[in-house]
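Visitor: sharing a model that was predicted from the sequence below.
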Amino acid sequence: MGQTPTLHLLYSCPFCWKVRGLLEHLDVDVNYVGVNGMKIKKDVAFAGDWGKVPVFTDAQGQHHVDSTPLLRLIDQTYNNGVMAAQGDAARREEWMTWVDTHLSKATVPILYGSLGSALKTTTRISKIEKFGFISKRLYAWAGFPIMWGIIARKRVKRDGRTPKKLWHDLLTEFTDAHGDEPFFGGATPDLVDFAAFGYMRSVSPYPQFEQLTDHANGMAWYRRMEATLN
Ligand SMILES: N[C@@H](CCC(=O)N[C@@H](CS)C(=O)NCC(=O)O)C(=O)O
């Protein structure tokens, strides 16, 4: 038994959504604790020097970090490791790496790839995350040119595709790998599905999510994933 587990997270963090989706799917009783985006290191200092979210604290009070290892830990603890043993191991490993490499890098371009989209994103973030009074306003107004100028613009230019086209290509590649099955994992989702779902779901609070909703197969899979949550 022990204490109720906690997940320290940022609502705008794709890695946190990976873990949260699996916890919701498995109907684990968890306290979700939003950290202050300006003070992540301080807010999760209890877990050592990792300094990032998500941080999962289990029923025994032990801290665990890093989203993909967390997916495996949660499957092991609350699901007898069923998902980690589902289907072909080599295929699963290959695609977990693919998802963590490609989908993780597609979230910044769609959220911050143009000045307009960066403004929409930071304004929304300033409303949904926990901030101090001043840092909330500072973030909403100073955050967007920084995010756009420092990382997103370079990334979009290097890739050459629009952020929307990049997402559509990745969703095509991913859903093609499902064959005739409803999920990557087959008849039921596995850890690769939850990793991919987390990256896509992290875009869902923002207006730019509309650019993903017209990918028919990708959205059909996304809705099937949503339907498995508790
Ligand atoms: N590889 C880690 C990445 C976690 C990560 O980068 N989290 C970001 C938020 S999206 C963070 O906490 N950054 C704080 C920092 O690097 O100072 C995972 O998959 O969990």
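Guide: Thanks, I have the structure now.
Visitor: pretty sure A84 contacts Q76?
Guide: Yes: using Cβ atoms under 8 Å, A84 is in contact with Q76, at 6.8 Å. Where C-beta positions appear, they are placed from N, C-alpha and C, glycine not excepted.
Visitor: the two: which is more packed in?
Guide: Comparing A84 with Q76 by neighbour count (other Cβ atoms under 10 Å), the higher total belongs to A84, at 16 against 13.
Visitor: so where's this protein uncertain?
Guide: For the chain, the stretches flagged by pLDDT under 70 are 1.
Visitor: count of neighbours near E181?
Guide: 12.
Visitor: what lies in contact with the host helix or strand of H64?
Guide: Under the criterion of DSSP states H and E, H64 resides in strand 63-65. With Cβ atoms under 8 Å, 6 or more residues apart in numbering as the test, strand 63-65 has contacts from F46, A47, G48, W50, K52, P54, V55, F56, T57, D58, L70, L73.
Visitor: and the gap between the nearest residue to Y222 once chain neighbours are set aside and the ligand?
Guide: Closest residue to Y222 apart from its sequence neighbours, by Cβ to Cβ, 6 or more residues apart in numbering: M200 at 5.9 Å. M200 sits 15 Å away from the ligand, going by Cβ to the nearest ligand atom, to the nearest Å.
Visitor: and what of V35?
Guide: In terms of Cβ to the nearest ligand atom, V35 sits 8 Å off from the ligand.
Visitor: show me which residues of the protein are close to the ligand?
Guide: Counting by Cβ under 6 Å from any ligand atom, the chain comes close to the ligand at L10, C13, F15, I40, G51, K52, V53, P54, D66, S67.
Visitor: let me see the contact set for the last one.
Guide: The one in question is S67. Going by Cβ under 8 Å, 6+ apart, the list of residues near S67 reads F15, C16, K18, V19, P54, A195, G198.
Visitor: F56 belongs to a helix?
Guide: No: assessed with DSSP: H, G, I helix; E, B strand; the rest coil, F56 is strand; it does not lie in a helix.
Visitor: surely it and L7 touch.
Guide: Yes: with contact defined as Cβ under 8 Å, F56 reaches L7; the gap is 5.4 Å.
Visitor: can you list residues touching both of these two?
Guide: Counting by Cβ under 8 Å, 6+ apart, the residues touching both F56 and L7 are V19.
Visitor: who has more neighbours out of these two?
Guide: More neighbours surround F56 than the other of F56 and L7, with 26 against 22 (other Cβ under 10 Å).
Visitor: disregarding residues adjacent in the polypeptide, which is nearest to that one?
Guide: H64 (4.6 Å).
Visitor: what about that neighbour, how many neighbours?
Guide: Neighbours of H64 using other Cβ under 10 Å come to 19.
Visitor: cool, the one 5 residues further on as well?
Guide: The number of residues packed around P69, counting by other Cβ under 10 Å, is 11.
Visitor: before we move on, back to that, mind telling me what element the residue nearest to Y222 is part of?
Guide: helix 191-201.
Visitor: who's in contact with T6?
Guide: Going by Cβ under 8 Å, 6+ apart, the list of residues near T6 reads V30, N31, Y32, V33, F56, T57.
Visitor: what bridges to it?
Guide: N31, T57 (DSSP bridges).
Visitor: and the gap between it and the ligand?
Guide: Counting by Cβ to the nearest ligand atom, the gap from T6 to the ligand is 16 Å.
Visitor: check S114 too.
Guide: Distance of S114 to the ligand, given as Cβ to the nearest ligand atom: 21 Å.
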